[in-house]
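In: any chance you can model this:
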Amino acid sequence: MSEILEMHPARIKPRDIARIVETLRHGGVVIAPSDSGYALLCQLDDKSAAEKIRHIRELERDHPFTILCADLTDLARYARVDNVQFRLLKTLFPGAYTCILPASREVPRRVQNDKRKTIGIRVPDHPVLQAILAEHGEALMGVSLFDSDAYDADIHELPAAVTGQVALMVDAGDVPLRPTTVLDLTEMPPLLLRQGAGEVTGIV
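Out: From the prediction side, this is the model:
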């Protein structure tokens, strides 16, 4: 059974954020809230934790993780972007978008689309996850805890098969499941791969 840490988004305690980050740094998988629902998180270079997440979500081997960043400061570490792409990203983030970009050499293969050598980048707009990313100091990788069609999903009713593999669950109350809009920025203008919560008028 995973440990549960209750946290109100408007009353975030630094010691709680430090505890979450310490759990991640010690190889733990964490469930945390985001602006697109709850997510499974781990460190970018943690192969064992990534395998746990794949097992929890029953993901195929070629299912890529999303890279979650606090901002665009270190974007060049993870993706190859030109000035046009970067200007567009600045207008989208933080927000409910996942943007597909060419991966840099520094990104582990398990985070990439193996055939296209691309990654999905997000800068989430949720105070708890933003605080976690800022304290961690580097990007994390993750996937949604629930499928996009699991409208009645409830983190308080997770089966033991899930909670038994998660080190810590951050309970921030009800978080609407609102899938991100996915944009492929490897070509311009961007290609809309999935319409989600992010508005695309004037973008594609």
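In: CA only for contacts and neighbour counts going forward, please
Out: Will do.
In: now stretch 194-204: buried residues?
Out: By neighbour count on 16 or more other C-alpha atoms under 10 Å, the buried set for stretch 194-204 is Gly196, Ala197, Gly198, Val200.
In: which of those residues lies closest to Ser36?
Out: Ala197 (8.2 Å; C-alpha to C-alpha).
In: contacting residues for the closest one?
Out: Contacts for Ala197 (C-alpha atoms under 8 Å, 6 or more residues apart in numbering) come out as Ala96, Tyr97, Arg178, Pro179, Thr180, Thr181.
In: biggest separation within those, which pair?
Out: Farthest pair in the contacts of Ala197, by C-alpha to C-alpha: Tyr97 and Arg178, 10.6 Å.
In: those two: which is more packed in?
Out: More neighbours surround Tyr97 than the other of Tyr97 and Arg178, with 29 against 17 (other C-alpha atoms under 10 Å).
In: so can I have CSV of the contacts of Ala197 showing distance to Arg54?
Out: Below are the contacts of Ala197 laid out as CSV (distance: C-alpha to C-alpha, whole Å):
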residue, distance to Arg54
Ala96, 23
Tyr97, 22
Arg178, 21
Pro179, 19
Thr180, 20
Thr181, 22
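In: any chance of JSON lines for those residues, columns pLDDT and secondary structure?
Out: Converted to JSON lines, the contacts of Ala197 look like this (pLDDT from 0 to 100; DSSP: H, G, I helix; E, B strand; the rest coil):
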{"residue": "Ala96", "pLDDT": "94", "secondary structure": "coil"}
{"residue": "Tyr97", "pLDDT": "97", "secondary structure": "strand"}
{"residue": "Arg178", "pLDDT": "88", "secondary structure": "coil"}
{"residue": "Pro179", "pLDDT": "91", "secondary structure": "coil"}
{"residue": "Thr180", "pLDDT": "94", "secondary structure": "coil"}
{"residue": "Thr181", "pLDDT": "96", "secondary structure": "strand"}
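In: which one of these sits closest to Arg77?
Out: Tyr97 (19.4 Å).
In: my guess is the closest one contacts Arg122. True?
Out: Yes: counting by C-alpha atoms under 8 Å, Tyr97 does reach Arg122; the two are 6.4 Å apart.
In: low pLDDT regions in this protein?
Out: The chain contains residues with pLDDT under 70 at 1, 110, 114, 148-153.
In: and Pro189, which of the three is it?
Out: Assigned by DSSP: H, G, I helix; E, B strand; the rest coil, the conformation of Pro189 is coil.
In: surely it touches Leu183?
Out: No: using C-alpha under 8 Å as the test, Pro189 is too far from Leu183 to be in contact (9.8 Å).
In: any idea how far the residue nearest to Ser36 when sequence neighbours are not counted is from Asp147?
Out: In this structure, Ser36 finds its nearest non-sequential neighbour in Arg178, 4.7 Å apart by C-alpha to C-alpha, 6 or more residues apart in numbering. Arg178 is 10 Å from Asp147, where distance means C-alpha to C-alpha, to the nearest Å.
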